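> just the structure for this:
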Amino acid sequence: QVQLVASGGGLVQAGGSLRLSCAASGLTFSSVAMGWFRQAPRKEREFVASTTGSGGMSYYADSVKGRFTISRDNAKNTAYLQMNGLKPEDTAVYYCAGSRWLTRNTNEYDYWGQGTQVTVSS
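Residues are numbered from 1 along each chain as shown. Down below sits the predicted model:
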């Protein structure tokens, strides 16, 4: 049974940083592309970042490029999202997800974590 557990969210002031973690089990982690998505109240879930199984290639949404970094430690079966320079508009529930290939498309992810709340105060 595949399980993705996201953690690391919290309340932070604008300009601050957080690091989200996504611990995976029940799959061959290094064979799975990992992505992060977010959903703000009354908005659709949107792509944030994704990386290949090796971590050698990554995609980012324009809104987070230069501020967020996706990474992974395959020895620990864990993916990360380092978020710097946080803005109030980054406030959302953040979800990690797994896919067979590197993609920005929500519909192409097979596995989803439960989400972790990130709140950025102004």
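
> which residues touch residue 14?
Applying Cβ atoms under 8 Å, 6 or more residues apart in numbering, we find residue 14 in contact with 86, 87, 88, 120, 121, 122. Using the backbone N, CA and C atoms, a C-beta is placed for each residue, glycine as well.

> hmm, which of those residues is lowest in pLDDT?
The pLDDT minimum for the contacts of residue 14 sits at residue 122, where the score is 93.

> which residues sit in contact with that residue?
Neighbouring residues of residue 122 by Cβ under 8 Å, 6+ apart: 14, 88.

> what distance do you get for it to residue 68?
To residue 68, residue 122 is 19 Å away according to Cβ to Cβ, to the nearest Å.

> circling back: tell me the buried residues within the contacts of residue 14.
86, 120 (16 or more other Cβ atoms under 10 Å).

> need the strands for this structure, in chain order.
Taking DSSP state E as the test, the strands found in the chain are 3-7, 10-13, 18-25, 33-39, 46-51, 58-60, 68-73, 78-83, 92-99, 109-112, 116-121.

> how about the closest residue to residue 45 other than its chain neighbours, what does it touch?
Leaving aside its sequence neighbours, residue 45 sits nearest to residue 39 (Cβ to Cβ, 6 or more residues apart in numbering; 4.2 Å). Residues near residue 39 by Cβ under 8 Å, 6+ apart: 45, 46, 92, 93, 95, 115.

> repeat the analysis, applying 7 Å as the threshold.
For residue 39, the contact set (Cβ atoms under 7 Å, 6 or more residues apart in numbering) comprises 45, 92, 93.

> highest neighbour count among the residues you listed?
residue 92 (22 neighbours; other Cβ atoms under 10 Å).
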